[in-house]
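A.B. asks: Could you look at this predicted model? Sequence included:
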Amino acid sequence: GFARIQVRDRGIGVPVDQVERIFERFGRAVSSHSYGGLGLGLYLTRRAAEAHGGRAWAEPGPEEGARFTLELPLEKETRE
């Protein structure tokens, strides 16, 4: 039981070697001079997902955007 949300953008894409970097704090695949933002959105998304027992990841598309996935458990984890 997981819920999954996927978003595909049609932007500039994410180079394969930058996929994990964009989930780091202040991580960016391109210069902040070219595109706005602080580089915190994906970092916070992944941290929140992991805090709830889920995960977040990206799948790059060469020069055609990327697909971003958020997966969260449907039921709260119980600890014994």
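C.D. replies: Received, thanks.
A.B. asks: what about the closest residue in space to residue 60 that isn't next to it in sequence, how many residues close to it?
C.D. replies: The spatial neighbour of residue 60 that comes closest, neighbours along the chain excluded (CB to CB, 6 or more residues apart in numbering), is residue 14 at 4.3 Å. No exception for glycine: its C-beta is placed from N, CA and C like everyone else's. For residue 14, the number of neighbouring residues by other CB atoms under 10 Å comes to 22.
A.B. asks: Pretty sure residue 14 sits against residue 67.
C.D. replies: No. The criterion here is CB atoms under 8 Å, and residue 14 misses it with residue 67 at 10.0 Å.
A.B. asks: what residues do those two have in common as contacts?
C.D. replies: residue 58 (CB atoms under 8 Å, 6 or more residues apart in numbering).
A.B. asks: Now do the helices in this structure.
C.D. replies: Counting by DSSP state H, residue ranges of the helices within the chain are 41-51.
A.B. asks: Quick one: low-confidence residue ranges for it.
C.D. replies: When residues are selected by pLDDT under 70, those of the chain lie in 28-36, 62-63, 77-80.
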